[in-house]
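Novice: With the sequence up front, the predicted model follows.
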Amino acid sequence: MTVVDRNLKVKVLVLGDSGVGKSSFTHLLCHETSCKNPAYTIGCNVEIKLHDYKQGTPEERTCCVEVWDIGASKSHTSSRFIFYNNVNGIILVHDLTNLKSLQNLPRWLDDVLNQEPSGGLSSVKVASSTNSFPMNQADDIPVTHSIPIFMIGTKLDLIAEGSRTPIVLRSKTFSVEFGCGEIHLESAEPKYIAAGSGNAVKLSRFFDKVVEHAIQRQNTTSIVQSPIVDRRGSFGSPADRKTGAERRRPNTSQFNRLISFKNAHQD
């Protein structure tokens, strides 16, 4: 029987333009089955992935990862930021047949960086004298530190084999600048991320880093939230000494409990 660590909250965002295949990939990732007719995502859709952290080691444990599939509708641009808090990982999805969807990835990433400056993220300009990116976007790409990032290129099967090399290299340039791993999927079929495959190994390493980020954040939060006794009343005014005031900083609420466990186990 698998024992799930229910005390650790892990959150991953899936970001990218509309129609690139975020929902299909999220379903495949969490349920290991293809989604024949993915619905249009309004706002966001949250799925649960069970990940075996540090599998095969004494530290192994099964973690429940919330995978937030973020809708890309332009009408929700101003409200999308409400989903960008307490993030432990980011998956950037683009359509290999759609150059614009690749060029827009820095903007998606920058949106998160701007909304959560305290979440182990930082944004800097890429120092580059080359124009390796279309539309000279190299200087606009935010480089993240600490938070894990992963890139997914979809619809590789729609590109003729003779035309794939330059497209794959272009995508690789972005992943190098982001400092992240990437995989390319030919279709939303389970075999492409089946256990033991190269793609599955890359994803597993990414999720290990995501869990480590969540553990680090939880430990940091626990220190910040630990009760602190304010004994200034003992050294303050006579009135303070008379009351013997000791003020205790209230604990802020802990992370919400992991959601959708029931659905996860049913699947």
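Specialist: That came in fine, so what should we check first?
Novice: those strands in the protein, which residues are they?
Specialist: With strands called from DSSP state E, the chain shows them at 4-15, 44-53, 61-70, 89-95, 149-154, 181-184, 229-230, 247-248.
Novice: Generate JSON lines for the ones you listed, with mean pLDDT as supplementary columns.
Specialist: What follows is these, written out as JSON lines (pLDDT from 0 to 100):
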{"stretch": "strand 4-15", "mean pLDDT": "94"}
{"stretch": "strand 44-53", "mean pLDDT": "95"}
{"stretch": "strand 61-70", "mean pLDDT": "96"}
{"stretch": "strand 89-95", "mean pLDDT": "98"}
{"stretch": "strand 149-154", "mean pLDDT": "97"}
{"stretch": "strand 181-184", "mean pLDDT": "96"}
{"stretch": "strand 229-230", "mean pLDDT": "48"}
{"stretch": "strand 247-248", "mean pLDDT": "40"}
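Novice: export the ones you listed to a markdown table and tack on distance to residue 212?
Specialist: Every C-beta, even on glycine, is put in place using the N, C-alpha and C of the backbone. As requested, the strands of the chain are exported to a markdown table (distance: least, CB to CB, whole Å):
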| stretch | distance to residue 212 |
| --- | --- |
| strand 4-15 | 10 |
| strand 44-53 | 8 |
| strand 61-70 | 10 |
| strand 89-95 | 10 |
| strand 149-154 | 14 |
| strand 181-184 | 15 |
| strand 229-230 | 32 |
| strand 247-248 | 32 |
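Novice: for those strands, which one sits closest to residue 192?
Specialist: Smallest distance to residue 192 across the strands of the chain (CB to CB): 8.1 Å, for strand 181-184.
Novice: Give me the sheet partners of that closest one and which way each runs.
Specialist: strand 149-154 (parallel) (DSSP bridges).
Novice: returning to what we had before: with mean neighbour count and distance to residue 102 as added columns, please give the strands of the chain in a markdown table.
Specialist: Below are the strands of the chain laid out as a markdown table (neighbours: other CB atoms under 10 Å; distance: least, CB to CB, whole Å):
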| stretch | mean neighbour count | distance to residue 102 |
| --- | --- | --- |
| strand 4-15 | 21 | 13 |
| strand 44-53 | 18 | 22 |
| strand 61-70 | 21 | 17 |
| strand 89-95 | 25 | 5 |
| strand 149-154 | 25 | 8 |
| strand 181-184 | 20 | 11 |
| strand 229-230 | 10 | 53 |
| strand 247-248 | 10 | 52 |
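Novice: so which of the ones you listed comes closest to residue 115?
Specialist: strand 4-15 (10.7 Å).
Novice: Okay, now the sheet partners of the closest one, with direction.
Specialist: Here strand 4-15 is paired, per DSSP bridges, with strand 61-70 (parallel), strand 89-95 (parallel).
Novice: The first one vs strand 44-53, what angle?
Specialist: Spelled out, that is strand 61-70. 160 degrees (axes from the mean of the first three to the mean of the last three CA atoms, to 10 degrees).
Novice: before we move on, what about the last one?
Specialist: Following the same axes, to 10 degrees, one obtains 120 degrees for the angle between strand 89-95 and strand 44-53.
Novice: Can I get strand 89-95 as CSV, trimmed to CA atoms?
Specialist: Listed next in CSV are the C-alpha coordinates belonging to strand 89-95 (Å, rounded to 0.1, in the frame of the first residue of the first chain):
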residue,chain,number,x,y,z
GLY,A,89,7.7,24.4,-10.2
ILE,A,90,6.7,25.6,-13.7
ILE,A,91,6.1,23.6,-16.8
LEU,A,92,6.1,25.7,-20.0
VAL,A,93,4.3,24.2,-22.9
HIS,A,94,4.6,25.2,-26.6
ASP,A,95,3.4,23.9,-29.9
